[in-house]
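# Fold the following for me, if possible:
(3 chains)
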Amino acid sequence: MMTASNSWMVSWWEGFGLSSDVPQWVFALLALLFTYCFVVVPAGAALSFLDRKFSADLQARVGPNQAGPAGLFQPIADLLKLLQKGSLTKRPQKASENIWLSVHSMALYSTLAVMPLGSAALLVDTEMSAFLPFWSALVLALGTMLLGLGQNSVPGWFGGIRIAAQTLAGSFPALIALICVGVHAGSFRWSALAGAQGFSPWSWALFSNPFLTIAFLVFIMSGMIVMASAPFDGGLALTDIHGGVASHLYGRRLGYYRFGRFYVFFLWSVITVVLFLGGWALPGRLVSLLREGEAVRVLSFLELSWLMAKTFLLMLFMIWVARVNPRSRVDQITDFAWKVLSPFSLFALVGTSLWVGWGIGWGAPW
Amino acid sequence: MDKNQIVLKLNSICSGTVLEAGEFGRSGVVSVWIESKTVLQIAECLKNDLEFQLDWLENLSVVELEEVVVVTYFLRSTTTPETLVLRISALPGSKSEKIVFPSVSSIWPMAIPFENEAEQLFGVTFIGKESCELNNKFLLPDLSHGFPLRKSFDFSSTGSAPIQNGGHS
Amino acid sequence: MIGSGLNSQTFFKTDLTTWEIGPYHSSLPGPMRLKLKLDGEIVVKCEVETGFLHRGLEKASELHGWPSLVVYADHLDPEVAVFGELVTCLAVEEISGITAPPRAQVIRLLLAELARISGHLAFMVRMAKAVGSETVTHYVLRDREKILDLFELVTGARFSLNFLRFGGVRSDVTDGFIERVLEVCELIRVRMKEYNDIFTFNYSFLQRSSGVAPISKDCVRFCGMSGPNARAAGVAFDVRKDAPYLGYSNLDFIAPLGRGEGGVLGDVHDRFLIRLREINESMEILKQVVERIPDGPFLHAPVGNDYKVPAGEAYVRIESSRGLLGCHVVSDGKLKPGRVQYRVPSLANLMAVPLITPGVRVEDLPVVLASLDLGIAEADR
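Down below sits the predicted model:
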């Protein structure tokens, strides 16, 4: 991977303004740190604020308004609070928690490299790229399950088993939906998947054929199931198993765990936007203008901003769905994933294949 | 059903069981005071006899009237508008002595939580109580000195006396 | 080949798990304990233990003078305090042989029906919370505030009203109260339509509530259940209809019955819908009543600290928002009550929990408990 990566690293070299005799691992590390510190963490803070305010408006209440203007510093206050909360008694760490923490960290940081953030900001752009974020979702689910099972309590078991069952059920239709897009774009490289779409919504994969619309809906819903986000969060339910998996977490660990959940939500939304909603594509004229002016950094920044804007809208949409709907039972969720989403995803796959194979098109640019 | 008819009917089941029959307060509902030993037979008749069909024990209230502990059954029929008040009583020997009555829970299962309560608060043991998965048997801390709802109950023995008369004399 | 006698249930049979929930847990309506035997996530056996909230209310009532009785009655069920006050006052009045003046009766009826609406809205809140619908929780709480505002307008308090007196009410209603009641009725009518769209007929909610933990008529008779739970199971008994008090017989309203819209008669969905319909009926009653509040005194005679009740006893029953609420008062002619005993609907409802929960999934347990509208405060007293 590293040897073949010289081509995509050029843009990073230029971006950081470093000479080409610096070792490659330094670049890789810098790129990861950059992504983590300047994209993922600020996005987490912004989304937690937007979520609170948006939900408050939706639920006829005020929301945060004390920390800073309009409660803008609430995420920082939250972070500081969680950081200063240590354990009340120095209890010995359980081995299962250490396993969970290491698994969790792997999930959190390994897929940063795969995250598509712009035409120049692609660290790993291989034929497998689009599948790699699933690793993050599945590993986080595994870690969450272990966390639940390691609690040695009935709520923990239930939480862990529920998470495992629904992740398994949700992954299948999600993967099939992903294959639909790959068939449509002819590749699973981020560059190819994004390159098959343009700035105009009519050139997005979502609208380029009816089966991909189905695949999009399947992908969103199965994503919510895999991530165990709000209407499908039986494993984390507060009512019957008082938080289930997360019930014994507090302080820094809780912050860490929550950030992991946010990261997967963010990752899933970013790849949904890249796969179906036009990715970072800006108007063609603007792109060529910037490329002619050799303004790669400006282009990257604009692409990233455009991608983030779409991602946040998508995330707010999912939060809206979560706020309106009551929680579904786990057996209903798995039933829905296996009996409804899976057949639809397979139908979409067959349909997309035929559509692409017969060369039907509405003038989409593949 | 008329008061005299009820007395006749009940006496025909267990002769001499009815000690007193009258109206309950100002309500006009018939109130029958019976021998506590016969309460099970009477209850069975009241529930199953076609003239009564008193299948709903609406309330079971225990009262201490002039040192006599009285159990009052407020009965109602779910099929007819019939209602009846049935009473049994006994005189406890001392303030911490338990009183024993037959349990009517085999006939009216809804009596169980009421009987559980009376056991702790009044020291009335109901013999032959059915088992139930609703458990309200632990209302009180361990009191080794009488039962709180009896008039003879001494609060000073619990270590914390309640405020009497709300602070104003 | 697996033997023909084996189905998946027996083939995948697992050991039973024991789990105790409580006394404090977010899925419980109050301090109580559930002792569960679980097969996987399915409840096999459920034992209920209560008594954690025993405050000695009945004993406390005996230790103080007659006027204090109303204050204690407030705390019988703090969520819907009016019913405790009402049943106590009616019982004491029956012993004394006095009746409240017509104006006081109507004010009482208004407060009782407002309390019923408030109690049912709180029920909706708990249901929404149990199925994880936070938005509806906030919406309905916002509307219940309007009812509490009305209580505040009349009595000066929002929860523990201490407003009813033996032979009437503490003070007259203020100017503009009737208009405010009608406004609130109209507001709730409009809002209920919105809640039906967002919650009652939400697909996910229907899935969670339909066919879950039905109560049969036999179960109602076995436990002596009453109120909305019994009516949801098709047992038509409403004290307001069958033994009218406060002039309910002059009013035009119906006591709705369960229709089995969720597929099974008396399931969680029926129990939910019946409360929504009762809110509508209560608003109808309010509309009829506010137009004919008679003039006249609002209190038979002032109630002082030396208030005495003649020797005698009375047992009075009313329909509270949870079911049949009875009060047995015995007076020995002294300054303090001889005995005050409450017959609360929640004990019978609690008794039904072990009967209807086997077969229910753990996730539905909070929903089933919420749908029974259990009042632990009144069950333990």
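
# contacts and neighbour counts: CA atoms only from here.
Fine.

# Tell me which residue lies nearest the centroid of chain B.
residue B:71 (2.4 Å; Cα atoms, centre = their mean).

# Surely that residue forms part of a strand?
Yes: using DSSP: H, G, I helix; E, B strand; the rest coil, the assignment for residue B:71 is a strand.

# Can you name the residues bridging to it?
Beta-bridge partners for residue B:71, by DSSP bridges, are residue B:62, residue B:88.

# From what I see, it and residue B:85 are in contact.
No: using Cα atoms under 8 Å as the test, residue B:71 is too far from residue B:85 to be in contact (10.3 Å).

# just to revisit the earlier point, contact partners for the residue nearest to the centre of chain B?
Going by Cα atoms under 8 Å, 6 or more residues apart in numbering or on different chains, residue B:71 touches B:60, B:61, B:62, B:63, B:87, B:88, B:89.

# Adding pLDDT, write the residues you listed out as TSV.
Output for the contacts of residue B:71, formatted as TSV (pLDDT from 0 to 100):
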residue	pLDDT
B:60	91
B:61	91
B:62	91
B:63	90
B:87	89
B:88	89
B:89	85
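
# Generate a markdown table for these, with neighbour count as supplementary columns.
Output for those, formatted as a markdown table (neighbours: other Cα atoms under 10 Å in any protein chain shown):
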| residue | neighbour count |
| --- | --- |
| B:60 | 24 |
| B:61 | 24 |
| B:62 | 27 |
| B:63 | 24 |
| B:87 | 24 |
| B:88 | 21 |
| B:89 | 20 |
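
# ok, now which ones touch the residue lying closest to residue B:106 once chain neighbours are set aside?
Nearest non-adjacent residue to residue B:106, counting by Cα to Cα, 6 or more residues apart in numbering or on different chains: residue B:130, 6.1 Å away. By Cα under 8 Å, 6+ apart, the contact list for residue B:130 reads B:105, B:106, B:109, B:112.

# number of nearby residues for the second one?
If I follow you right, that is residue B:106. Here the number of neighbours of residue B:106 (other Cα atoms under 10 Å in any protein chain shown) works out to 16.

# Is it in a helix, a strand, or coil?
Going by three-state DSSP: residue B:106 is coil.

# Can you report phi and psi for it?
The phi and psi torsions at residue B:106 (degrees, to the nearest 10) take the values phi -70, psi -20.

# That one against residue B:126, yeah?
No: counting by Cα under 8 Å, residue B:126 is not a contact partner of residue B:106; they are 11.4 Å apart.

# What segments of the stretch 1-150 of chain C are helices?
Secondary structure of the stretch 1-150 of chain C (DSSP state H, counting those that start in this stretch): helices at C:8-11, C:57-63, C:68-74, C:81-96, C:102-130, C:134-155.

# Please list the residues of chain B that sit near chain C.
B:24-27, B:55-61, B:63-64, B:108-110, B:113, B:133-140, B:148-149, B:164-166 (Cα under 8 Å from any Cα of the partner chain).

# Quick one, grab the pLDDT at residue 140.
Assuming you mean chain A. Looking at residue A:140, its pLDDT reads 77.

# wrong chain, I was asking about chain B
Per the predicted model, pLDDT is 77 at residue B:140.

# Using the three-state scheme, assign it.
Per three-state DSSP, residue B:140 ends up coil.

# burial count for residue C:336?
By other Cα under 10 Å, 22 other residues sit near residue C:336.

# now do residue C:65
By the criterion of other Cα under 10 Å, residue C:65 has 22 neighbours.

# how close does the closest residue to it other than its chain neighbours sit to residue C:92?
Counting by Cα to Cα, 6+ apart, the nearest residue to residue C:65 once its immediate chain neighbours are dropped is residue C:336, at 4.5 Å. The gap separating residue C:336 from residue C:92 is 12 Å, by Cα to Cα, to the nearest Å.

# For the closest residue to chain B within the stretch 51-200 of chain A, which residues are in contact?
Here the stretch 51-200 of chain A gets closest to chain B at one residue, residue A:154, 21.9 Å apart by Cα to the nearest Cα. Going by Cα under 8 Å, 6+ apart, residue A:154 touches residue C:19.

# Can you check the pLDDT for the residue most central in space within chain A?
Taking Cα atoms, centre = their mean, the centroid of chain A lies closest to residue A:267, which sits 1.7 Å from it. Note for residue A:267: predicted pLDDT of 88.

# Ok, residue A:317 next?
91.

# same thing with residue A:9?
Reading off the model, residue A:9 has pLDDT 56.

# all helices of the stretch 251-381 of chain C, in order?
Counting by DSSP H, counting those that start in this stretch, the helices of the stretch 251-381 of chain C are C:268-290, C:345-356, C:365-371, C:376-380.

# Which neighbouring elements make contact with the first one?
So that's helix C:268-290. helix C:102-130, helix C:177-195, helix C:203-209, helix C:227-232, helix C:365-371 (3 or more Cα pairs under 8 Å, 6 or more residues apart in numbering or on different chains; DSSP states H and E).

# how close does residue C:305 get to residue C:68?
Taking Cα to Cα, one finds residue C:305 at 9 Å from residue C:68.

# Which of these two has more residues huddled nearby?
Each of residue C:305 and residue C:68 has its neighbours counted (other Cα under 10 Å); residue C:68 has more, 18 against 14.

# Show the model's pLDDT score for the closest residue to residue C:114 other than its chain neighbours.
Nearest residue to residue C:114, sequence neighbours excluded (Cα to Cα, 6+ apart): residue C:147, at 6.7 Å. If you check residue C:147, the pLDDT there is 91.

# Quick check: residue C:147 touching residue C:185?
No: look at residue C:147 against residue C:185 with Cα under 8 Å: they stay out of range, at 9.3 Å.

# follow-up on the earlier one: Serialize the helices of the stretch 1-150 of chain C to JSON lines and add fields for distance to residue C:350.
Formatted as JSON lines, those follow (distance: least, Cα to Cα, whole Å):
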{"stretch": "helix C:8-11", "distance to residue C:350": "30"}
{"stretch": "helix C:57-63", "distance to residue C:350": "19"}
{"stretch": "helix C:68-74", "distance to residue C:350": "21"}
{"stretch": "helix C:81-96", "distance to residue C:350": "19"}
{"stretch": "helix C:102-130", "distance to residue C:350": "16"}
{"stretch": "helix C:134-155", "distance to residue C:350": "24"}
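
# Please work out which of the ones you listed is packed deepest.
helix C:81-96 (a mean of 26; mean count of other Cα atoms under 10 Å in any protein chain shown).

# Now do the buried residues in stretch A:326-340.
For stretch A:326-340, the buried set under the neighbour-count rule, 16 or more other Cα atoms under 10 Å in any protein chain shown, comprises A:326, A:327, A:328, A:329, A:330, A:333, A:334, A:336, A:337, A:338.

# Output those in a markdown table, with pLDDT appended to each entry.
Output for those, formatted as a markdown table (pLDDT from 0 to 100):
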| residue | pLDDT |
| --- | --- |
| A:326 | 89 |
| A:327 | 87 |
| A:328 | 88 |
| A:329 | 88 |
| A:330 | 88 |
| A:333 | 91 |
| A:334 | 92 |
| A:336 | 92 |
| A:337 | 92 |
| A:338 | 92 |
